[in-house]
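1. Predicted coordinates and the sequence they were generated for:
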Amino acid sequence: MIDLHEAQRVILQATPVLGRESVPILDALRRVISQDITAVDDLPSSDISAMDGYAVQHTSLGGVSRHNPVRLRIIGESPAGKPCGAIVGDGDAVRIMTGGLVPEGADTVVKIEETTEGGGYVTCLNDPGRGAGIRPKGDSLKKGEVVLRAGEVISPLEVGALASLRRAYVYVHRKPIVAILSTGDELSDFHEPSSPCKAMCSNLYALAAQVVEAGANPLCLGIVRDNLQDQQTMLQEALRADVIITSGGTSRGKYDLVHKALATLGIQMRFSTIFVKPGKPTIFGTIGRNLIFGLPGNPSATMLSFEQFIKPALLKMAGHRNVFHFSTGKINAPNLKDAFRVVDSFNSERGGNKEHRRASQVPLGGQLHGKGSSVDSKTDLLKAVAH
């Protein structure tokens, strides 16, 4: 039996980082870049105006002030996206808009607020200094400069940067594919009628939701009965995924067959019991490069075990580096460890489950009223669900 931190270390040590794939930049959101991104051109690619005004030669502004204005002849116009072909000489000016290409011969832009225009001429009332009002070529990025580094997580800011670089596609680490199956003759699914001797296979859906939230792709294989051959067949099918998660059947009872089924497939067992509660009968092993997790059947224990052991592994597989402090960027995102603090016997920082209360079959962040309750009212229950 090993403790929680040793189990996490063993799992991450056995977890590979997946290879790369090219995806559209919107599909890359929240994923990890697998190679450095460099600028292939200067940005901006030419000198452009940083404001609305007039492009002039600075020498034309000698001695200008409000008491000694300079009158210049307007020889053209340069709006954004429509460059002016005129060459600016001494005494000339080109009307220019923000983002407009600075015409040849001009080296300064006088902002429009410091000018008056009439009769084909502009009167300049101030000398802003040589080079003022111009964003020079390469001001934002130089050709060859590294913009994004491998290992960075793509946020909307990075999506905008990639678009600015005209990168419609980007290489990111592949999302893990996670096969999920629940074991037990006592389980039923939505298409079956309710029965007093059957329980809904909620773990399939809860685990799939956790897999999606962790940035991986779930492959739900459904319910497999307490039959060794059926479990062997289903697990063999599941090996096409990167990760296999089973729920239920990991204890040592007569109908707990997951250990035997995995053994016939050649699993290298890394551990089969953890010093935690709930979740003690959690198993972890590998078959080749596939990660195999056997979780207990109790829904609360299953979801907590996912958060503690599987989510960090999925994040590492997808290229994340600091897997225990990864943030999805969601405001007030729920923390599953907080939600299950009332049943987690080893969560001493948040009160813990010192009395070792049984985990609820309905994972609402606490026991239901009247069942060894830590949620004693409808208001508390709603708070538990919300958090």
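-> Alright, I've got the coordinates. Numbering: from 1, shown residues only.

2. This protein - how does it break down into domains?
-> Split into domains by automatic domain parsing, the chain comes to 4-18+175-317, 20-42+149-173, 48-135.

3. In a markdown table, list the ones you listed along with mean pLDDT and distance to residue 143.
-> Yep, even glycine has a C-beta here, placed from its N, CA and C like the rest. Shown next, in a markdown table, are these (pLDDT from 0 to 100; distance: least, CB to CB, whole Å):
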| stretch | mean pLDDT | distance to residue 143 |
| --- | --- | --- |
| domain 4-18+175-317 | 89 | 31 |
| domain 20-42+149-173 | 95 | 5 |
| domain 48-135 | 95 | 16 |
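
4. so which of these gets nearest residue 323?
-> Each of the domains of the chain was scored for nearness to residue 323 using CB to CB, and the closest is domain 4-18+175-317 (4.1 Å).

5. For the residue nearest to residue 89 when sequence neighbours are not counted, what are phi and psi?
-> If the residues on either side of it in the chain are set aside, residue 89 comes closest to residue 105, at 6.0 Å by CB to CB, 6 or more residues apart in numbering. When read as degrees, to the nearest 10, the backbone of residue 105 gives phi 100, psi -20.

6. Same question for the one 5 residues further on.
-> In this entry, residue 110 is assigned phi and psi values of phi -90, psi 120 (degrees, to the nearest 10).

7. Could you give the bridge partners of it?
-> Beta bridges link residue 110 to residue 54 when assigned by DSSP bridges.

8. Which residues are in contact with it?
-> For residue 110, the contact set (CB atoms under 8 Å, 6 or more residues apart in numbering) comprises 53, 54, 56, 61, 93, 124, 126, 128, 132, 133.

9. quick one: contacts for the second one?
-> Read that as residue 54. Taking CB under 8 Å, 6+ apart, we find residue 54 in contact with 72, 74, 93, 94, 95, 96, 109, 110, 112, 115, 122, 124.

10. hmm, who's touching stretch 131-142?
-> Residues contacting stretch 131-142 (CB under 8 Å, 6+ apart): 39, 42-51, 53, 58, 102, 107-111, 147, 165.

11. same thing with stretch 11-22?
-> Stretch 11-22 is contacted by residues 34-35, 169-176, 242, 270, 284, 286, 289, 291, 309, 312-313, 316-319, 323 when judged by CB under 8 Å, 6+ apart.

12. Which among those residues count as buried?
-> 34, 170-176, 242, 270, 284, 286, 291, 309, 312-313, 316-319, 323 (16 or more other CB atoms under 10 Å).

13. one step back: which members of the contacts of stretch 131-142 occur in strands, if any?
-> 48, 49, 53, 108, 109, 110, 111, 147 (DSSP state E).

14. and the residues you listed, which two are the farthest apart?
-> The largest separation in these, counting by CB to CB, is between 110 and 147 at 32.9 Å.

15. ok, which stretches of the stretch 51-200 of the chain are helices?
-> 156-164 (DSSP state H, counting those that start in this stretch).

16. Dump the contacts of residue 110 into TSV; add distance to residue 181 as well.
-> Converted to TSV, those look like this (distance: CB to CB, whole Å):
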residue	distance to residue 181
53	68
54	71
56	74
61	77
93	75
124	77
126	75
128	70
132	68
133	65
